[in-house]
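**Student:** Have a look at this prediction, sequence included:
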There are 2 protein chains.
Amino acid sequence: MRFEVTILGSSSATPIFNRNPSSQLLNVNDRYFLIDCGEGTQLQLLKYGFKAQRIEHIFISHLHGDHYLGLVGLLSSLHLNGRTKPMHIFGPADLKEIIEIQFKYSQTDLRYPIYFFAVDPQNPQKIFENYDVYVETIILNHRIPCTGYKFSQKKRQRKINRELVEKLGIPVEYIPLLKRGNDYTDKAGVIHRALDLTFEAEEPRSYAYCSDTICSWGYLEQITGVNTLYHEATFLHDMLPRAEETYHTTALQAGEVALKANASQLLIGHFSARYRDLIPLLDESRSVFTNTQLAIEGNTFQL
Amino acid sequence: MRFEVTILGSSSATPIFNRNPSSQLLNVNDRYFLIDCGEGTQLQLLKYGFKAQRIEHIFISHLHGDHYLGLVGLLSSLHLNGRTKPMHIFGPADLKEIIEIQFKYSQTDLRYPIYFFAVDPQNPQKIFENYDVYVETIILNHRIPCTGYKFSQKKRQRKINRELVEKLGIPVEYIPLLKRGNDYTDKAGVIHRALDLTFEAEEPRSYAYCSDTICSWGYLEQITGVNTLYHEATFLHDMLPRAEETYHTTALQAGEVALKANASQLLIGHFSARYRDLIPLLDESRSVFTNTQLAIEGNTFQL
C-alpha cells in the first residue's frame, strides 16, 4: 500500500532561494491528504504534476501565514475547475472565519461543500479515520496554538496466497473469511488452516508531522515509536537562543527528538531564510540521528 | 525618467502553464508601485530580482482572489524582514478587514504602519500624487466592484542646458529659477532667456491598468489619450458569450478599446486557463490594434 509524502515547501516564514512555504502532500493508498498549505501550494501541485482535485482532506497546523495562505487560492481554483465533491478541512477554529470572509467578499458561492473541523489546540484527538489510516493531532508548543498531525496506517488483514488458494479451488467468496482467519474445510473434509493460506500483512507504519514548535518533551509521548518523523529544524544549534525566543527548534534538537522518539527516519524542514546552503543543518541533525533527510521541494519519501 | 512596468502575473482566475495570477510592478523614477498582488507575488518579485521592501504603494483592483491573495504573505514577509517604513494600500474597503483579521489570528503586530485608503467603487477619484506622478481610479464593470488605476506623469520642468549654463558662469542657485522660466541677467546687464538656456522636458506619459471588466464604453472617457493601456483579454472572441457572462473581455474587444482610446500601446493579459498558446489572442488583438503586446511574466515595458 502506498504510503509516501512529497514535499511542496520547505521554507520558514519568508520564502527564498526557490524554497516555498510549508506544504506536504501525503499519499495513502492513492488518496491525497494535504498537510499545511502555504502561499503558492496550488502552483507547487501543478509543478510536480499532482491533480489538486484528488485532495479530499486538508490539515492546517496553525495560523501563521506560511502555513495556510495558499488555502483560499487552492479552494477557489478547485471551485472554478468544477469541483463538486466535498473538501474536509481540519485546523484551528479561526481558520473557518478567514476562509468564509474571503469567499463572502469575492461573492463566491462554492459549488462543493467544505466540511470544517476545528481541532482542539490543548488536547490530542483522533480526528479522522478511514479504511487505511487514522489521524491524530499532536499538541505542539509554538507562539500561537499549533497542532501537528500523526497519520497511522491501520493493521491490515493477512494477504492471500493466491497460488495455493487457486490450486485448492477455494471459492472466491471464501477469501474474505480466510483473511480474517477462518480455516477452510474442503468437500473431502480436509481442513486447510487460514494461516497456511495467507501471508502476514505488512506492519502498519506511521508518519508524524511536527510543523512549528519549540523543542520540548511535551509531545514526545505522542510521537514515540513513529516510523517517520517530520520535524521542523528552523535554525542551526548556534542559534539556540533565537530558536527558543521564536519557539522554534534547531537541527540538533530535531535529531535528538527523533532519537528519543525511536523513529526510523527523520525529515527536517522549515528552514530559516538565513541559510542558503542546507547541508550544515543536515550534518548537524545527522550528528545525533543518522537517518535524517532534508525535506525539500519535489522530494518524495517512502514512509 | 524611468516609467516602466514589469509583469509578475498574466493568468486569470486559476494559475496554469507557469502563468501566475495578476500582479505588476510599476517603476516611476525608481519608486516602486505594486498593482494587484495575486498569490505568489512575493515569489515573483524574488524571481525577477526586485527588492520588495522598496514598494511603498500597493493598488488592489478588486477582491477576487487572483488579484489580492498574495498581499498578506507579502506584508508579512516585509515585517519579518525588518521593515519600519509605512506601506500605503489602495483598494476596496473590505480588504482592510481581510488583512486585519489574518494578522489578528496570527498574532502579528506589524513593525510598520499600513495606511489603508478605501477607493470609491462608483466614482473616479484622484487617490495619490507625488512629485512625479498622480494616480486616478478607473471605474470598471465586473461581477464585483472593481477599479482600474491610471498613472499619469506630471508635466516636468524644462531641462537645463548644462554646457551653456556653465560657460556663462550662471550660479548653481539660479538653476531652479531657470527651470521655472525666469530669465537670467548677468553682471554686464545682458539678459539670457531661460528658453535658450533650457530644453523642452519630455511629454508626460500615462499608463492605465484595466484589470477585470466586461467590455463597455463606460470607462472609455477615463482612458482616452492614455499612452499605454493594459487591458484584460481573458478570452478569444469566439467565446464572447462566455466573456459577457463572466464580465470579461475578449482579445478583439481589448484591441477595439485601445483603438477607441487612441492609445499608443496595448498590453493584454489575464488569460484564461483554456489557452496554453497565447499567440492566437495576440493575433486577434493585433487584427484591430497593431501595437499590442502580451503582458507575460518577466517582461518589462517602457510606458
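**Tutor:** Thanks, I have it. Numbering: from 1, shown residues only, chains lettered A, B, ... in the order given.

**Student:** residues touching the closest residue to chain B within the stretch 101-250 of chain A, list them.
**Tutor:** Nearest to chain B in the stretch 101-250 of chain A, going by CB to the nearest CB, is A:Y105, at a distance of 4.5 Å. Using the backbone N, CA and C atoms, a C-beta is placed for each residue, glycine as well. With contacts defined as CB atoms under 8 Å, 6 or more residues apart in numbering or on different chains, A:Y105 is in contact with B:L63, B:P92, B:D94, B:L95, B:I98, B:I144.

**Student:** My guess is the second one contacts B:L63. True?
**Tutor:** Yes - at 5.4 Å, B:P92 counts as touching B:L63 under the criterion of CB atoms under 8 Å.

**Student:** residues touching A:T137, list them.
**Tutor:** A:V119, A:D120, A:P124, A:Q125, A:I127, A:T147, A:G148, A:Y149, A:K150.

**Student:** Tell me the secondary structure at it.
**Tutor:** Here A:T137 is strand, with the state taken from DSSP: H, G, I helix; E, B strand; the rest coil.

**Student:** List the contacts of A:F271.
**Tutor:** A:S10, A:S11, A:S12, A:R19, A:A233, A:T234, A:L278, A:L281 are the contacts of A:F271 under CB under 8 Å, 6+ apart.

**Student:** what do you get if the cut-off is 6 Å, keeping everything else the same?
**Tutor:** Applying CB atoms under 6 Å, 6 or more residues apart in numbering or on different chains to A:F271 gives the contacts A:S10, A:L278.

**Student:** Could I get the phi/psi values of it?
**Tutor:** phi -80, psi 140 (degrees, to the nearest 10).

**Student:** Residue of the stretch 151-300 of chain A closest to chain B, please.
**Tutor:** Taking CB to the nearest CB, the stretch 151-300 of chain A has A:A273 as its residue nearest chain B, at 8.1 Å.

**Student:** Can you report how many residues lie near that residue?
**Tutor:** Applying other CB atoms under 10 Å in any protein chain shown, we find 17 residues neighbouring A:A273.

**Student:** what does A:P171 give?
**Tutor:** 8.

**Student:** can you check A:G169 too?
**Tutor:** So A:G169, with other CB under 10 Å, has 8 neighbours.

**Student:** Which residue, neighbours along the chain excluded, lies closest to it?
**Tutor:** Spatially, and ignoring its direct neighbours in sequence, A:G169 is nearest to A:D186 (7.8 Å; CB to CB, 6 or more residues apart in numbering or on different chains).

**Student:** same thing with A:I35?
**Tutor:** Leaving aside its chain neighbours, A:I35 sits nearest to A:Q24 (4.4 Å; criterion: CB to CB, 6+ apart).

**Student:** again with A:L34
**Tutor:** A:I58 (4.5 Å).

**Student:** Could you do A:D120 as well?
**Tutor:** A:T137 (7.2 Å).

**Student:** Give me the distance between the one you found and B:K47.
**Tutor:** Computed as CB to CB, to the nearest Å, the A:T137 to B:K47 distance reads 36 Å.

**Student:** For the stretch 1-150 of chain A, which residues are neighbours of chain B?
**Tutor:** A:13-15, A:39-40, A:43, A:63-65, A:69, A:72-73, A:76-77, A:80, A:94, A:105-107, A:144 (CB under 6 Å from any CB of the partner chain).

**Student:** Need the buried ones from the residues you listed selected in ChimeraX.
**Tutor:** Buried residues among the residues of the stretch 1-150 of chain A next to chain B (16 or more other CB atoms under 10 Å in any protein chain shown), as a ChimeraX selection:
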select /A:13,14,15,39,40,43,63,64,65,69,72,73,76,77,80,94,105,106,144
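
**Student:** Out of the residues of the stretch 1-150 of chain A next to chain B, which sit inside helices?
**Tutor:** Using DSSP state H, the members of the residues of the stretch 1-150 of chain A next to chain B that fall within helices are A:L43, A:V72, A:G73, A:S76, A:S77, A:L80, A:Y105.

**Student:** can you tell me which two in those residues are farthest apart?
**Tutor:** Within these, two members stand farthest from each other by CB to CB: A:L43 and A:Y105, at 22.9 Å.

**Student:** Would you mind confirming that A:H57 makes contact with A:M87?
**Tutor:** No - counting by CB atoms under 6 Å, A:H57 stays clear of A:M87, with 7.8 Å between them.

**Student:** Tell me, how many residues neighbour A:Q125?
**Tutor:** Counted with other CB under 10 Å, the neighbours of A:Q125 add up to 15.

**Student:** where do the helices sit along the stretch 101-250 of chain A?
**Tutor:** A:162-167, A:175-179, A:194-197, A:220-223, A:240-245 (DSSP state H, counting those that start in this stretch).

**Student:** So for the last one, what gets flagged as buried?
**Tutor:** If you call a residue buried by 16+ other CB under 10 Å, then helix A:240-245 has these buried ones: A:L240, A:A243.

**Student:** So what's the gap between that helix and the chain middle?
**Tutor:** 26 Å (CA atoms, centre = their mean, to the nearest Å).

**Student:** Sketch out the low-pLDDT regions of chain A for me.
**Tutor:** By pLDDT under 70, chain A has no low-scoring segment.

**Student:** Quick check: the gap between the residue lying farthest from the centre of it and A:G169.
**Tutor:** Distance from the C-alpha centroid of chain A peaks at A:A188, with 50.4 Å (CA atoms, centre = their mean). Counting by CB to CB, the gap from A:A188 to A:G169 is 11 Å.

**Student:** Wasn't A:E256 part of a helix?
**Tutor:** Yes - membership of A:E256 in a helix is supported by three-state DSSP.

**Student:** Number of residues surrounding it?
**Tutor:** Neighbours of A:E256 (other CB under 10 Å): 18.

**Student:** Pull the number of nearby residues for A:L168.
**Tutor:** Using other CB under 10 Å, A:L168 is surrounded by 13 other residues.

**Student:** excluding its backbone neighbours, what's nearest it?
**Tutor:** A:H192 (6.3 Å).
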